[in-house]
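Participant: Build me a structure from this.
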Amino acid sequence: MTTTDRRLHIVVPYRDREAHLREFVPRVGAYFATLAEPIDYRVTIVEQEAGLPFNRGAIKNVGFLLGEADSGYTCLHDIDYLPIDADYSRVDRPTPILSFGAEQRPVAPGRSDQTVTTDLESTMGGVLLMPNDVFRRIDGYSNAYWGWGYEDFDLSLRIRSRRIPTARRPGRFEPLDHDNEGFNPDASASPISRVNKRVFQANWSGGTIPEEDGLSSLSFEILDRRPCDGTHPGAEGRWEIVRVRLTMAPLPGQLAAFKAR
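Facilitator: Residues are numbered from 1 along each chain as shown. All right, here's what the predicted structure looks like:
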């Protein structure tokens, strides 16, 4: 096994979460600095420019491509989960490591007492370790989900439809609260969530894998790259923020739901 095969690349999709970013960077850096068995890691925070709805799947695809050549496996890591006790070591199959800390999350903190429950025994979201060759095999995430939701469900079906074995590791995380764009304050589905549910159902209506939707169809431009401020001492040079423009278009319904929110 080469040094590159053992290297971890952490990809963090990002936009408009500056408060979370300020907590995530030092906390994750400090966590990796205290590991009994060090992991050679790099972090790419991929920031989507303003203007279009946020596309987490496409942004994760961008991050993967930026680090693929210099890593053996990738962690697709949401910015609102801070590790308390988690194993980020190398995997040979898709492996979610978020098992405690996201069971119930508020829909709209300070504005609603409603919560949403996540089945952490089945989700592929939150914090997912993925061998690079497997991510290539499934063509990455779909680029079809703009605004909020369903890219993780889609990824699960991409894995299952190719009969790729998966694993799970117990991992405990501290969640950071934020408004959940998939729900209205009363916990009913938001307009963009309903639109993306229809996109998901249409994509998989035939029971076959959607073709040419993922890494193979991704289109983007890099606008700028800069070192990430606030890293833990000793982690300098491992962290980078890359701002990108997606040169693909959302569906009219997705754009309308985004503008009407």
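
Participant: what's the spacing between the nearest residue to Leu98 once chain neighbours are set aside and Asp80?
Facilitator: Leaving out its chain neighbours, the residue that sits closest to Leu98 by Cβ to Cβ, 6 or more residues apart in numbering is Gly126, at 3.7 Å. Placement of C-beta: from N, CA and C, glycine included. Gly126 is 9 Å from Asp80, where distance means Cβ to Cβ, to the nearest Å.

Participant: what about those two, which has more around it?
Facilitator: Set Gly126 next to Asp80 and count neighbours by other Cβ atoms under 10 Å: Gly126 wins out with 22 against 18.

Participant: before we move on, the earlier item: these two touch, right, the residue nearest to Leu98 and Ser99?
Facilitator: No: using Cβ atoms under 8 Å, Gly126 is not in contact with Ser99, being 9.3 Å away.

Participant: who's in contact with the residue nearest to Leu98?
Facilitator: Contacts for Gly126 (Cβ atoms under 8 Å, 6 or more residues apart in numbering) come out as Asp78, Tyr81, Pro96, Leu98, Ala102, Leu120, Phe173.

Participant: And the helices in the stretch 51-200 of the chain?
Facilitator: Secondary structure of the stretch 51-200 of the chain (DSSP state H, counting those that start in this stretch): helices located at 56-67, 132-137, 151-161, 191-203.

Participant: any idea how far Ala202 is from the closest residue in space to Asp152 that isn't next to it in sequence?
Facilitator: The shortest distance from Asp152 to any non-neighbouring residue, by Cβ to Cβ, 6+ apart, is to Gly125 (3.8 Å). According to Cβ to Cβ, Gly125 and Ala202 sit 21 Å apart.

Participant: between those two, who's got more neighbours?
Facilitator: Comparing Gly125 with Ala202 by other Cβ under 10 Å, the one with more neighbours is Gly125, at 20 against 11.

Participant: pLDDT score assigned to that one?
Facilitator: Looking at Gly125, its pLDDT is 87.

Participant: same check, this time on Arg261
Facilitator: Note on Arg261: pLDDT of 68.

Participant: Check the burial of the residue nearest to Glu151 when sequence neighbours are not counted by counting its neighbours.
Facilitator: Nearest residue to Glu151 in three dimensions, chain neighbours excluded: Gly57, at 3.5 Å (Cβ to Cβ, 6+ apart). The number of residues packed near Gly57 is 24, by other Cβ under 10 Å.

Participant: likewise Glu23?
Facilitator: Taking other Cβ under 10 Å as the criterion, the count of residues near Glu23 is 16.

Participant: for the helix or strand it falls within, packing partners?
Facilitator: Glu23 belongs to helix 18-33 when assigned by DSSP states H and E. Where contact means 3 or more Cβ pairs under 8 Å, 6 or more residues apart in numbering; DSSP states H and E, helix 18-33 is packed against strand 8-14, strand 41-48, strand 81-85.

Participant: and that helix with strand 8-14, angle?
Facilitator: 170 degrees (axes from the mean of the first three to the mean of the last three Cα atoms, to 10 degrees).

Participant: Give the buried residues for helix 18-33.
Facilitator: Residues of helix 18-33 classed as buried: His20, Leu21, Glu23, Phe24, Val25, Pro26, Arg27, Val28, Gly29, Ala30, Tyr31, Phe32 (neighbour count, 16 or more other Cβ atoms under 10 Å).

Participant: Tell me the one among these nearest to Asp186.
Facilitator: His20 (24.7 Å; Cβ to Cβ).
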